[in-house]
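S.K.: no sequence for this one, just the structure:
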């Protein structure tokens, strides 16, 4: 159990240097695109498969186990969305991504809404964006796989624990052997005092002798209150009475060692015939490492692994909450799309490790410009999005954006190098520029595009005229 939990906890720490053992399938009717993708991803050590169309791709799925598939949207006979819908129906565990140009944005949005794809990549893609998207998707898939393995292991061990308690009734000799050899803490008790314990209980709770343990009051081994505010002593007696009534009671609990250290535990109380008297057996398992692994997995599902900023999923939830509050209170909020200018040359000249340091430092600078109620998230390689949930007027958002633009234009001193970047920021305000999440995000993105097209190192507030220029819809978007 300990080795399995350690493996889960170390997944995130090793991701930056380890090779992910995964099979990736690229589907496109253009052989040149397939060749380009193979060259781009070959250094990552993935097993790469290619198909020149949806039908050929489905045949590969019939004979191969595919972890992630990236399909072009526009293909003859069967487009990317139709192909990925078939993949989802028959191989739902495969991560699905779509390559799409802005001319196909409506079909792409429909595919997202139907749950056909994990995310889409704009064409022409930015190498850092598409490689990071694939890497993060495969990392999450690995974590989910390890989580399922841990859950299965925990289930098996729980079944073993039940079987252990059943076998304890067979004989006193067999009971004593198992009692003393168990790695879990096992105690015999009544509703008032302890009767016996094994050596694992002594080690777990930091007590020297059995006599000392048995003489201790039940309350000694719990803090006064549980994390949810319940009185530990009262709740202990409630659980004991429930076990007497029902024959068994399983629950999670925070225990306390003799040195004052608290730890999370899984407790099983079950009735037991001890010398002709009905008493309780308490089996306690320290689950501190399991809890830490679960918390880490929850964190990684909501935050960007590089910058520790919220990811798109968490940001979307916060935005939905803020929109509901703004609508109820008749308040304004602002949404900002931000793209780092000329970030790709930093990676090309100094390497991705330095580029990652710059992204982390840029994230810190952005956070330093925000109020406690504001939120900034990373949604792609060098793309960020910020939410100001409560503003009085549009100028409030513009002032924050200008502050961010200014701090990002200052030199970055990283790894012995001095480097300069700038940023292009687009702003959309609720309700003037949209009353729904999708409209606001689209309009903020349009404004950011215009800031970049206007020479970069700019802040642009969305206005209706931007829709009529024809600059954003249709053509390929400038990313760098």
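M.R.: Alright, I've got the coordinates. None of the values given here were measured: they were computed from a predicted structure.
S.K.: quick one: average pLDDT of the longest helix seen in the chain?
M.R.: Counting residues, the longest helix found in the chain (DSSP state H) is helix 127-167. Average pLDDT, helix 127-167: 80.
S.K.: How about stretch 62-75?
M.R.: Here the average pLDDT along stretch 62-75 is 91.
S.K.: starting at the chain centroid, how far to that stretch?
M.R.: Centroid displacement of stretch 62-75 relative to its chain, using Cα atoms, centre = their mean, to the nearest Å, is 24 Å.
S.K.: Contacts for it next, please.
M.R.: For stretch 62-75, contacts defined as Cβ atoms under 8 Å, 6 or more residues apart in numbering pick out 22-30, 33, 37, 49, 53-54, 57, 60, 79-81, 83-84, 87, 91, 94-101, 104, 107-108, 121, 134, 137-138, 141. Every residue, glycine included, has its C-beta placed from N, CA and C.
S.K.: how much space between residue 240 and residue 22?
M.R.: Distance, residue 240 to residue 22, using Cβ to Cβ, to the nearest Å: 49 Å.
S.K.: What of residue 454?
M.R.: Look at residue 454 and residue 22: by Cβ to Cβ, they are 41 Å apart.
S.K.: Out of those two, name the residue with the larger neighbour count.
M.R.: residue 22 (22 against 12; other Cβ atoms under 10 Å).
S.K.: distance of residue 48 from residue 93?
M.R.: Distance from residue 48 to residue 93, by Cβ to Cβ: 19 Å.
S.K.: and these two? which has more neighbours close in?
M.R.: residue 48 (18 against 11).
S.K.: In a helix, the more buried one, correct?
M.R.: No: counting by DSSP: H, G, I helix; E, B strand; the rest coil, one finds residue 48 to be strand, located in no helix.
S.K.: so it makes contact with residue 40?
M.R.: No: using Cβ atoms under 8 Å, residue 48 is not in contact with residue 40; the gap is 9.9 Å.
S.K.: Show me the shaky parts of the stretch 1-150 of the chain.
M.R.: 1-19, 102-116 (pLDDT under 70).
S.K.: What sits closest to residue 368 if chain neighbours are left out?
M.R.: Nearest residue to residue 368 in three dimensions, chain neighbours excluded: residue 407, at 7.0 Å (Cβ to Cβ, 6 or more residues apart in numbering).
S.K.: residues in contact with the one you found?
M.R.: 365-366, 368-369.
S.K.: So residue 265, which state does it fall into?
M.R.: strand.
S.K.: For the helix or strand containing residue 34, buried residues please.
M.R.: Assessed by DSSP states H and E, residue 34 sits inside helix 31-41. Neighbour-count burial for helix 31-41 flags 33-34, 36-37, 40-41 (criterion: 16 or more other Cβ atoms under 10 Å).
S.K.: For the residue nearest to residue 311 when sequence neighbours are not counted, grab phi and psi.
M.R.: With Cβ to Cβ, 6+ apart as the criterion, residue 311 has its nearest non-adjacent residue at 5.1 Å, and that residue is residue 304. Phi and psi for residue 304, reported as degrees, to the nearest 10, are phi -70, psi 130.
S.K.: Also the one 5 residues further on?
M.R.: The main-chain torsion angles of residue 309 are listed as degrees, to the nearest 10 and equal phi -80, psi 160.
S.K.: Find the residue closest to it in space, skipping its chain neighbours.
M.R.: residue 378 (4.6 Å).
S.K.: likewise residue 334?
M.R.: residue 397 (3.5 Å).
S.K.: What about the one you found, how many residues nearby?
M.R.: With other Cβ under 10 Å as criterion, residue 397 counts 24.
S.K.: In the helix or strand containing it, which residues are buried?
M.R.: Here residue 397 sits within helix 394-408, counting by DSSP H and E. Using 16+ other Cβ under 10 Å as the test for burial, helix 394-408 gives 394, 397-398, 400-401, 403-405, 408.
S.K.: Sheet-wise, list the partners of the helix or strand that comes right after it with their directions.
M.R.: Of the helices and strands lying after helix 394-408 in sequence (DSSP H and E), the nearest is strand 412-414. Using DSSP bridges, the strands paired with strand 412-414 in its sheet are strand 417-419 (antiparallel).
S.K.: outside of the partner strand, which residues touch it?
M.R.: By Cβ under 8 Å, 6+ apart, strand 417-419 touches 346, 350, 354, 358, 411-412.
S.K.: Can you tell me the centre-most residue of the protein?
M.R.: residue 301 (0.8 Å; Cα atoms, centre = their mean).
S.K.: pLDDT score for that one?
M.R.: pLDDT, residue 301: 83.
S.K.: burial measure for residue 419, as a count.
M.R.: Neighbour tally, residue 419, other Cβ under 10 Å: 17.
S.K.: how about residue 271, phi and psi?
M.R.: Given degrees, to the nearest 10, the pair of backbone angles that residue 271 has is phi -70, psi 150.
S.K.: From the contact counts, what lies against the host helix or strand of residue 452?
M.R.: Following DSSP H and E, one finds residue 452 within helix 437-453. In this structure, helix 437-453 packs against helix 312-329, strand 332-341, strand 422-430, strand 458-461, with contacts taken as 3 or more Cβ pairs under 8 Å, 6 or more residues apart in numbering; DSSP states H and E.
S.K.: Now mean pLDDT, distance to residue 276 and mean neighbour count too, for the ones you listed, in JSON lines please.
M.R.: Formatted as JSON lines, those follow (pLDDT from 0 to 100; distance: least, Cβ to Cβ, whole Å; neighbours: other Cβ atoms under 10 Å):
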{"stretch": "helix 312-329", "mean pLDDT": "93", "distance to residue 276": "58", "mean neighbour count": "15"}
{"stretch": "strand 332-341", "mean pLDDT": "96", "distance to residue 276": "70", "mean neighbour count": "25"}
{"stretch": "strand 422-430", "mean pLDDT": "96", "distance to residue 276": "73", "mean neighbour count": "25"}
{"stretch": "strand 458-461", "mean pLDDT": "95", "distance to residue 276": "82", "mean neighbour count": "22"}
